[in-house]
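Any chance you can model this:
(one chain, ligands or ions: 2)
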Amino acid sequence: MIGTARKPEAEILETLGKYHKIIVTGCNGCAKVCKTGGEAQVASMAEELRKHGKEIVLEVTPERTCYINHTLTSFEGKEKQLKESEAIVVLGCGGALQVVRQATEELGLTIPVKIALDSVGHMDTVIAGTLAIEQCQECGECVLNETGGICPVTKCAKSLLNGPCGGAENGKCEVDRDRDCAWILIYNRLAALGELDSISTYKEPKDYAKFNKPRSLRLA
Ligand code: SF4
Ligand code: SF4
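Ligands and ions are numbered 1, 2, ... in the order given. Alright, predicted model coming up:
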């Protein structure tokens, strides 16, 4: 999922500055899991904004706001509120905001769309309801089959493809002594699996052209 964290209230109020009639839009996908943009957070953002003198003309939480059809569906029948609103504030990731903007444009509207969250990376929930961590940077050329299912690009501080660097001490990374060295984890896992052969040969550098932005994905 896309990890999100709420921006400070002062920053949200500043960006909404001159706008009075506001639509609050959340996301029942990743932002709900992050407890930053589900229905509960949309309701509490609306309440906060009301306390600061804003008029909330609509609260809406699409199933997954990053999916254009979900966002358009959630706006169906809400044309009146959309037309009278002066700004939309989105409790979702940066992609969600841009899909909301696209939806308003497809509906022929020019409304400022403002973000209330910071997107902090691709996160996986490792302790339900409590902790999510970054495990994949979507490099476009996955090496997990050769590294025992542990990503060196993300979990090694230097993103080494041919580790370890030699700086680890007592199994901890030289860059951050609180973190396990990813390459020691990879070695131990491969040893347990009997797959050490997979790291016995040098790995060529990745094709960094695959990181060129913006990337796209054909779905049909
Ligand atoms: S190698 Fe790591 S960053 Fe690249 S796709 Fe696989 S898990 Fe993601
Ligand atoms: S100590 Fe391990 S995790 Fe840290 S930079 Fe070196 S190889 Fe990577």
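
When you work out contacts or count neighbours from here on, use the C-alpha atoms and nothing else.
Will do.

So which bits of this structure are right by ligand 1?
Applying CA under 6 Å from any ligand atom, one finds that the chain approaches ligand 1 through 136-144, 151, 153-154.

Which among the residues you listed count as buried?
By neighbour count, with 16 or more other CA atoms under 10 Å, these hold 136, 143, 151, 153-154 as buried.

Which residues are in contact with V42?
Shown in contact with V42 (CA atoms under 8 Å, 6 or more residues apart in numbering): 24-26, 59-61, 91.

Any stretches of the chain with poor pLDDT?
Residues of the chain meeting the criterion pLDDT under 70: none.

That one: strands as residue ranges?
Using DSSP state E, the strands of the chain run over residues 2-6, 21-25, 55-60, 87-90, 113-115, 117-127, 131-134.

okay if I get the ones you listed as a markdown table plus mean neighbour count?
Formatted as a markdown table, the strands of the chain follow (neighbours: other CA atoms under 10 Å):
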| stretch | mean neighbour count |
| --- | --- |
| strand 2-6 | 21 |
| strand 21-25 | 25 |
| strand 55-60 | 19 |
| strand 87-90 | 25 |
| strand 113-115 | 21 |
| strand 117-127 | 16 |
| strand 131-134 | 14 |
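
Any idea which of those strands gets closest to A40?
Among the strands of the chain, the nearest to A40 by CA to CA is strand 55-60 (10.7 Å).

Adjacent strands (with direction) for the closest one?
Paired neighbours of strand 55-60 in the sheet (DSSP bridges): strand 21-25 (parallel).

which residues sit against the partner strand?
42, 45-46, 54-62, 81-82, 84-92.

can you give me the helices for the protein?
For the chain, applying DSSP state H gives helices covering 9-16, 30-33, 39-51, 68-75, 79-84, 94-106, 152-155, 182-193.

any chance of those in a markdown table, with distance to ligand 2 too?
Compiled in a markdown table, the helices of the chain are given as follows (distance: least, CA to the nearest ligand atom, whole Å):
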| stretch | distance to ligand 2 |
| --- | --- |
| helix 9-16 | 36 |
| helix 30-33 | 28 |
| helix 39-51 | 36 |
| helix 68-75 | 39 |
| helix 79-84 | 49 |
| helix 94-106 | 29 |
| helix 152-155 | 7 |
| helix 182-193 | 4 |
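
and D207, which of those is closest to it?
Of all the helices of the chain, helix 152-155 comes closest under CA to CA, at 12.9 Å.

And that closest one, how far out from the chain middle?
Mean-position distance between helix 152-155 and its chain equals 17 Å (CA atoms, centre = their mean, to the nearest Å).

how about it as CSV, C-alpha atoms only?
Extracted C-alpha coordinates of helix 152-155, given in CSV (Å, rounded to 0.1, in the frame of the first residue of the first chain):
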residue,chain,number,x,y,z
PRO,A,152,18.6,-5.6,-0.9
VAL,A,153,17.5,-2.5,-2.8
THR,A,154,15.3,-1.4,0.0
LYS,A,155,16.7,-3.1,3.1
